[in-house]
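Asker: The following block contains a protein sequence and its predicted model.
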Amino acid sequence: MHSDSLPPWHDATRVLHGDAGLSQDADVSPAIHYSATFKARDAAEFAEMAGTPRHPAYYTRYGNPTHARAAAVVAALEGTQTALLTASGMGAISTTVLALVQAGDHVVAQTRHYMSTAKLFDEVLPRFGVQVSIVEQAELPAIEAALRPNTRLIMLETPANPTLVLTDLAGVAALARPRGIITIADNTFASPINCKPHGLGIDIVVHSATKSLGGHHDLTAGVICCSEALATRIWPMHTTLGAVLSPMDAWLLLRGLRTLPVRMERINANALALAGWLEQQPQIEQVHYPLLASHPQHALARRQMAGGGPVIAFALNGGYEATSRFVASLELATQAVSLGGVETLIVHTAAMWSGTMSEAQMAAAGIPPNFVRLAVGMEHIDDLRRDFARALGLM
Ligand SMILES: *Cc1c(COP(=O)(O)O)cnc(C)c1O
């Protein structure tokens with residue numbers, strides 16, 4: 001581990017050496033510990049292994065040496081004492097929330113969350129007697145007004161779908177800390193390269209590592225970053241719910257993490273350039289991106305984000321058909337959900353819902369027919385811009 005007496009490493013160094021000291025062999029590339037269980041040399045060691053919480057090499061649902069290495073790198077990036085790996089981002093979120101609340105508690109969540117997170121708060125928690133308040137995340141006073149004597153948890157996500165609305169992380173932490181309320185931030189859209197919620201006072205940072213942390217659209221994983229004390233509270237729920245990551249996917253995650261800073265640097269630059277260019281095109285009605293001066297919370301974005309991340313949302317001038325044609329005619333943006341990987345992906349939001357909602361229902365849910373979500377990848381910006389120009393009929 002890096003000595004406390006030296007200045008902290010930069011992220012570029014953390015991703016390569018954050019797991020130093022955890023190697024159990026001479027390999028430079030980490031081994032994949034593809035074993036569900038681990039042997040003890042004698043009875044005393046077995047008793048020690050069985051009795052140690054979060055032992056890295058006892059039984060893989062409890063811990064695994066490959067998990068430990070990937071978790072150490074993410075914890076180093078987020079600046080938390082430790083991290084737990086899970087089988088998906090939702091595994092991380094559900095495990096964390098269910099570990100920390102019980103019947104009679106009150107929790108606060110945002111109006112805009114990843115859909116399955118919203119379901120956890122809207123549908124699952126109330127079934128178990130937890131009171132839930134949903135508040136407008138852009139308004140700090142609304143969050144403060146929602147707090148009650150029995151509030152245990154505030155769930156945050158920034159930036160959030162569909163319009164990249166931000167939550168003031170330091171502001172919420174300042175409300176929560178004196179009241180003893182635990183804060184969780186879903187940092188998936190920003191990634192730890194662009195935002196470090198724990199440094200702003202947030203207790204727990206969760207990720208869908210399926211997105212930027214893995215970065216290659218090839219694995220599903222989640223991470224819970226927190227203090228040792230909170231990990232001790234969350235880990236028993238993790239072993240109970242069993243959202244355990246496969247060692248192979250932990251290794252893929254570790255491999256992806258090694259290049260996260262350079263990938264994000266490129267993706268941030270591509271996304272900012274493309275967002276700025278799109279905003280100038282008459283065929284585009286509106287662009288949402290935190291680092292554009294036109295974003296309603298641009299000052300907050302500058303305070304808490306070092307880069308804007310991969311996701312741009314925009315509305316085309318035109319209806320459902322025109323938007324659908326535009327999305328289909330892009331050569332370099334693949335129609336697929338997810339974000340933060342090396343390839344550019346695009347989603348026509350209304351098309352995603354057209355199978356399950358009528359146009360009237362979509363209008364009521366605030367899903368305009370001309371809305372598009374773009375997850376910018378690492379292609380050359382000139383090629384991306386040219387492809388978008390062609391799809392907009394500019395050339
Ligand atoms: C994708 C995503 C999740 C869920 O992650 P999975 O790995 O698909 O379970 C949660 N939060 C955000 C912001 C996401 O983008």
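Answerer: Right, received. Where do you want to start? As the structure is a prediction and not an experimental result, all values here were calculated from the model. Residues are numbered from 1 along each chain as shown.
Asker: wait, does the helix or strand containing L374 contact the ligand?
Answerer: In this assignment (DSSP states H and E), L374 forms part of strand 371-375. No: interface with the ligand: strand 371-375 contributes nothing (C-beta under 6 Å from any ligand atom), its closest point being 9.5 Å away. Just so you know, the C-beta spots here come from the backbone N, C-alpha and C atoms, and that holds for glycine as well.
Asker: Pull the contacting residues for the nearest residue to A375 once chain neighbours are set aside.
Answerer: Spatial nearest neighbour of A375, excluding adjacent residues (C-beta to C-beta, 6 or more residues apart in numbering): L339 at 3.4 Å. If you count contacts by C-beta atoms under 8 Å, 6 or more residues apart in numbering, L339 has them with T188, F189, K211, S212, P310, V311, L345, A375.
Asker: Just checking the distance from stretch 237-253 to the centre of its chain.
Answerer: Remark: stretch 237-253 is offset 16 Å from the chain centroid, using C-alpha atoms, centre = their mean, to the nearest Å.
Asker: Give the bridge partners for A160, please.
Answerer: V165 (DSSP bridges).
Asker: What's the local residue count around it?
Answerer: By the measure other C-beta atoms under 10 Å, the count of residues near A160 is 23.
Asker: any idea how far it is from the ligand?
Answerer: The gap separating A160 from the ligand is 7 Å, by C-beta to the nearest ligand atom, to the nearest Å.
Asker: which residues does that residue contact?
Answerer: Contacts for A160 were tallied using C-beta under 8 Å, 6+ apart; they are Q110, R112, H113, Y114, Q137, L166, T167, F189.
Asker: Just give the number of residues close to M49.
Answerer: M49: 18 neighbours (other C-beta under 10 Å).
Asker: Disregarding flanking residues, what is the spatial nearest neighbour of the closest residue to the ligand within the stretch 1-150 of the chain?
Answerer: Across the stretch 1-150 of the chain, the shortest distance to the ligand (C-beta to the nearest ligand atom) belongs to G89, at 2.3 Å. Leaving aside its chain neighbours, G89 sits nearest to S208 (2.6 Å; criterion: C-beta to C-beta, 6+ apart).
Asker: Enumerate the residues of the stretch 51-200 of the chain near the ligand.
Answerer: Checking the stretch 51-200 of the chain against the ligand by C-beta under 6 Å from any ligand atom, the hits are S88, G89, M90, Y114, T117, E157, D186, T188, F189.
Asker: Could you dump the residues you listed into JSON lines with secondary structure, pLDDT and neighbour count added?
Answerer: Listed next are those as JSON lines, based on DSSP: H, G, I helix; E, B strand; the rest coil; pLDDT from 0 to 100; neighbours: other C-beta atoms under 10 Å:
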{"residue": "S88", "secondary structure": "coil", "pLDDT": "98", "neighbour count": "19"}
{"residue": "G89", "secondary structure": "helix", "pLDDT": "98", "neighbour count": "25"}
{"residue": "M90", "secondary structure": "helix", "pLDDT": "98", "neighbour count": "21"}
{"residue": "Y114", "secondary structure": "coil", "pLDDT": "96", "neighbour count": "18"}
{"residue": "T117", "secondary structure": "helix", "pLDDT": "98", "neighbour count": "24"}
{"residue": "E157", "secondary structure": "strand", "pLDDT": "98", "neighbour count": "26"}
{"residue": "D186", "secondary structure": "strand", "pLDDT": "98", "neighbour count": "26"}
{"residue": "T188", "secondary structure": "coil", "pLDDT": "98", "neighbour count": "29"}
{"residue": "F189", "secondary structure": "coil", "pLDDT": "98", "neighbour count": "28"}
